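*Asks:* Show me how the following folds:
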Amino acid sequence: MDLNIDRNARGSVVRQLVASLAAWIDTHGIRPGARMPSIRQLATENGLSLSSVIKAYDQLVASGVLESRHGSGFFVAQQLPQALAAQIEDEAISWPLFDNESTQLKLGCGWLPDAWRDDTDLGQAIRQVVRGDNKALFNYSTPLGSADLRLQIQKRLGLIDIHVDPRQIITTQGASHGLDLLVRTLLKPGDLVLVESPGYYNLFNLLKLHGVRTLAVPRTAHGPDIARLEQLLKAHKPTYFFINSMYQNPTGTSLAPSVAYRLLQLATLHDFRLIEDDIYADFQNGPTSRLASLDALDRVIYLASFSKTLSSSLRIGYVVAQPEIIQRLAQVKMVTGIGCSLLTENVVATLLANGAYRKLIQRLRGRLNKQMASTLRQLDATHWEVFAEPSGGLFVWARPRLVPAERVRQIAKQLQVQLSQGSSFLPEGGACDWLRLNVAFTQDARAQAFFKQIGQASTAGTGALMGIDVKQE
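*Replies:* Reported below is the predicted structural model:
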């Protein structure tokens with residue numbers, strides 16, 4: 001059985017193998033109960049490792065395509081799930097940047113490189129918590145979250161002029177969990193909300209999952225398009241507006257003071273709330289306009305996270321709001337997930353208390369600033385159009401001026417570079433040739449080669465536009 005696994009494709013070998021086997025069973029009409037090739041046979045025929053085949057067979061068993069019989073091997077299940085091969089293939093296409101098995105450079109991802117992480121202070125904090133408090137190893141946290149962590153968060157919020165009581169803070173399993181809690185608690189199917197375009201694609205998926213309707217507000221270099229927002233508010237009655245105030249995902253832009261004040265005026269005038277996702281708060285350079293600091297949490301609900309800075313694996317974020325909203329969130333949090341990990345909460349609290357987190361942020365901020373400046377220079381030299389020059393953070397929203405989108409994708413594929421396509425960031429969908437670039441990855445040799453070839457294709461004129469492969473060195 002030759003499955004034609006492409007090791008240079010975007011999806012991992014295991015994911016391709018799962019999709020190919022499911023498709024082979026479906027297209028060849030393999031009868032239920034038929035025996036599958038042995039692990040060793042399949043690995044040998046396709047030049048794969050035994051571990052890859054084992055993982056693929058295990059996934060197919062878990063999804064109901066195959067059955068495992070002890071001592072006999074793997075067999076086609078008696079009742080196959082409908083359209084499974086298509087579902088698996090869709091998953092591989094929809095979430096390529098989350099495929100940790102892929103060796104491609106994730107130039108458009110939303111996190112820092114592993115090499116930038118500081119495991120020394122993190123390891124010390126974990127050992128300190130384990131040695132000093134066995135409760136963290138075995139017990140649930142409280143509904144609102146660790147009191148020590150919420151006290152540390154209260155202090156950090158005070159540094160950015162958000163002054164709250166710890167009872168106004170609830171911990172979450174990252175910012176995505178915070179958004180999910182807010183949607184579950186405050187919205188119901190059929191409700192209408194405002195979102196930014198381009199904006200955070202997983203928020204769009206979350207709202208769709210819960211049956212919430214969306215209105216798209218264009219993002220400009222200075223924040224949401226106020227003129228368009230006012231038009232939408234005259235015609236509709238949205239209840240919430242989900243917004244990034246600083247270093248917006250994906251454009252990297254931040255709110256101008258005049259836009260921030262007008263947003264708060266409109267929220268009062270038209271009776272809606274603003275949900276301010278400030279996940280990149282700790283990368284801040286200089287003063288900025290935060291809605292929560294201007295509003296004192298009257299019409300603003302604020303959320304942030306330590307996942308982008310400290311560790312994506314720890315999954316600790318928080319929501320800040322009026323006490324009555326926090327109590328409602330706590331009830332939903334307990335019903336849907338009991339609570340956050342007390343161990344990880346105490347680890348984060350330790351890093352905040354001993355100053356290690358502050359030092360880490362200073363190092364990351366300085367490194368990102370250098371990468372941002374370098375990336376912007378390189379994009380200019382290789383003929384890219386930049387939506388707006390960010391003052392900091394992770395992202396640049398840009399597109400090649402003279403190279404068609406299909407040619408850009410071809411060059412990226414040849415160089416083992418994964419791109420984050422602009423269409424993913426549009427709530428209304430549709431074609432988009434803009435790309436989210438993560439500046440923390442732009443100095444990788446593959447990214448450098450990618451930018452170089454884009455620049456060469458741009459200057460090649462008509463030849464590049466006709467699709468001729470430009471490989472000048």
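*Asks:* so where do the strands sit in the stretch 251-400 of the chain?
*Replies:* Counting by DSSP state E, counting those that start in this stretch, the segments of the stretch 251-400 of the chain that form strands are 273-277, 300-305, 317-320, 384-386, 395-400.
*Asks:* Grab the longest strand from the protein for me.
*Replies:* strand 213-220 (DSSP state E).
*Asks:* could you give me the average pLDDT of that one?
*Replies:* Average pLDDT, strand 213-220: 97.
*Asks:* who wins for proximity to residue 265 among the strands of the stretch 251-400 of the chain?
*Replies:* strand 273-277 (11.5 Å; Cβ to Cβ). All C-beta atoms are positioned from the backbone trio N, CA, C, and that covers glycine.
*Asks:* Tell me the helices and strands packed up against the closest one.
*Replies:* Where contact means 3 or more Cβ pairs under 8 Å, 6 or more residues apart in numbering; DSSP states H and E, strand 273-277 is packed against helix 174-186, strand 240-243, helix 257-270, helix 291-295, strand 300-305.
*Asks:* neighbouring contacts of the longest strand of the chain?
*Replies:* 190-199, 204, 207, 224-225, 228-229, 232, 236, 238, 241, 248, 251, 253, 426-428 (Cβ atoms under 8 Å, 6 or more residues apart in numbering).
*Asks:* pLDDT weak spots in the stretch 1-150 of the chain?
*Replies:* Along the stretch 1-150 of the chain, the parts satisfying pLDDT under 70 run over 2, 6-11, 27, 29, 79-102, 133.
*Asks:* Helices of that one, start to end?
*Replies:* 13-27, 39-46, 50-62, 84-94, 119-132, 135-138, 147-159 (DSSP state H, counting those that start in this stretch).
*Asks:* Quick check: which of the helices and strands packed on strand 273-277 has the most neighbours on average?
*Replies:* strand 300-305 (a mean of 26; mean count of other Cβ atoms under 10 Å).
*Asks:* avg pLDDT for that strand?
*Replies:* 97.
*Asks:* OK, contacts around the residue positioned nearest the centre of the chain?
*Replies:* Taking Cα atoms, centre = their mean, the centroid of the chain lies closest to residue 110, which sits 5.2 Å from it. With contact set as Cβ under 8 Å, 6+ apart, residue 110 has these partners: 97, 249, 308, 394, 438.
*Asks:* if you set the cut-off to 7 Å instead, what comes out?
*Replies:* Applying Cβ atoms under 7 Å, 6 or more residues apart in numbering, we find residue 110 in contact with residue 249.
*Asks:* re the thing from before, can you flag the buried ones in the contacts of strand 213-220?
*Replies:* For those, a neighbour count by 16 or more other Cβ atoms under 10 Å gives the buried set as 191-199, 204, 207, 224-225, 229, 232, 238, 241, 248, 251, 253, 426-427.
*Asks:* hmm, back to that, let me have the helices of the stretch 1-150 of the chain in TSV, extended by mean neighbour count and distance to residue 338.
*Replies:* As requested, those are exported to TSV (neighbours: other Cβ atoms under 10 Å; distance: least, Cβ to Cβ, whole Å):
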stretch	mean neighbour count	distance to residue 338
helix 13-27	21	31
helix 39-46	15	38
helix 50-62	17	24
helix 84-94	16	28
helix 119-132	15	20
helix 135-138	13	14
helix 147-159	17	17
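*Asks:* These: which one's closest to residue 400?
*Replies:* helix 84-94 (22.8 Å).
*Asks:* Okay, domains of the chain per the record?
*Replies:* Domain assignment for the chain by automatic domain parsing gives 13-95, 106-116+359-465, 119-355.
*Asks:* so residue 171 is in which element?
*Replies:* Assigned by DSSP states H and E, residue 171 belongs to strand 169-172.
*Asks:* For that strand, which helices and strands make contact with it?
*Replies:* helix 147-159, strand 317-320, helix 323-337 (3 or more Cβ pairs under 7 Å, 6 or more residues apart in numbering; DSSP states H and E).
*Asks:* Could I get the buried residue list for the top helix by length along the chain?
*Replies:* What stands out as the longest helix in the chain, according to DSSP state H, is helix 356-381. Within helix 356-381, the residues that count as buried by 16+ other Cβ under 10 Å are 356-357, 360-361, 364-365, 368-369, 371-372, 375-376, 378-379.
*Asks:* ditto for stretch 329-339
*Replies:* For stretch 329-339, by 16+ other Cβ under 10 Å, it's 329, 330, 332, 333, 339.
*Asks:* Give me the subset of the buried ones among the contacts of strand 213-220 that lies in strands.
*Replies:* 192, 193, 194, 195, 196, 197, 224, 241.
*Asks:* Serialize the residues you listed to a markdown table and add fields for distance to residue 71.
*Replies:* Listed next are these as a markdown table, based on distance: Cβ to Cβ, whole Å:
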| residue | distance to residue 71 |
| --- | --- |
| 192 | 58 |
| 193 | 55 |
| 194 | 59 |
| 195 | 54 |
| 196 | 56 |
| 197 | 56 |
| 224 | 62 |
| 241 | 60 |
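*Asks:* what two of the residues you listed have the greatest distance between them?
*Replies:* 192 and 224 (16.2 Å).
*Asks:* For stretch 22-41, measure first residue to last.
*Replies:* Start-to-end span of stretch 22-41 (Cα to Cα, to the nearest Å) is 17 Å.
*Asks:* what's the answer for stretch 111-121, then?
*Replies:* Termini of stretch 111-121 sit 19 Å apart (Cα to Cα).
*Asks:* now it: how far from the chain's centre is it?
*Replies:* Taking Cα atoms, centre = their mean, to the nearest Å, one finds stretch 111-121 lying 17 Å from the centre of the chain it belongs to.
*Asks:* Same check on stretch 141-154?
*Replies:* Taking Cα atoms, centre = their mean, one finds stretch 141-154 lying 25 Å from the centre of the chain it belongs to.
*Asks:* Alpha carbons of it, as PDB, please.
*Replies:* Output in PDB follows, covering the C-alpha atoms of stretch 141-154 (Å, rounded to 0.1, in the frame of the first residue of the first chain):
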ATOM      1  CA  SER A 141      -7.800  26.100  43.400                       C
ATOM      2  CA  THR A 142     -10.600  28.400  44.600                       C
ATOM      3  CA  PRO A 143     -13.400  29.500  42.200                       C
ATOM      4  CA  LEU A 144     -11.800  32.900  41.800                       C
ATOM      5  CA  GLY A 145      -8.300  31.500  41.700                       C
ATOM      6  CA  SER A 146      -5.200  31.600  44.000                       C
ATOM      7  CA  ALA A 147      -5.400  34.500  46.400                       C
ATOM      8  CA  ASP A 148      -1.600  35.000  46.100                       C
ATOM      9  CA  LEU A 149      -1.800  35.200  42.400                       C
ATOM     10  CA  ARG A 150      -4.700  37.600  42.300                       C
ATOM     11  CA  LEU A 151      -2.900  39.900  44.700                       C
ATOM     12  CA  GLN A 152       0.200  39.900  42.400                       C
ATOM     13  CA  ILE A 153      -2.100  40.600  39.400                       C
ATOM     14  CA  GLN A 154      -3.700  43.500  41.300                       C
END
